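# Got a sequence here, can you model it:
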Amino acid sequence: MERSFYKLPELAQIFDMSLGGLRNAILYDRFPVPTYKIGKHRVADKTVVEKFFEEQRNIGLSSLSTGSRASNFE
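Predicted structure coming up:
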């Protein structure tokens, strides 16, 4: 049976962060995805992580269609 959550080392890899940086972001409430404890492990639900990236993708696509993004070529 596949787990329905990511452990911190997996989250660090997904978000391209160091494990220490991830722990600090969670500690100071700066990590954008909610985490919770299962036993001795801090985890994030896989579906919530997927929805976070889906929402970020939609924001990016929306800014492209409205032309509100800043151009780096000016």
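# Going by C-alpha atoms from here, please, whenever you check contacts or count neighbours.
OK.
# Confirm Phe53 sits in a helix?
Yes. Counting by DSSP: H, G, I helix; E, B strand; the rest coil, Phe53 falls inside a helix.
# Look at it and report its pLDDT.
Note on Phe53: pLDDT of 96.
# can you count the residues close to it?
Counted by other C-alpha atoms under 10 Å, the residues lying close to Phe53 total 12.
# same thing with the one 10 residues further on?
Applying other C-alpha under 10 Å, we find 13 other residues in the vicinity of Ser63.
# separation between it and Pro9?
32 Å (C-alpha to C-alpha, to the nearest Å).
# how far does the lowest-mean-pLDDT helix or strand in the chain sit from the chain's center?
Within the chain, no helix or strand scores below helix 46-66, which has a mean of 92 by mean pLDDT, DSSP states H and E. Taking C-alpha atoms, centre = their mean, to the nearest Å, the mean C-alpha location of helix 46-66 is offset from the chain mean by 11 Å.
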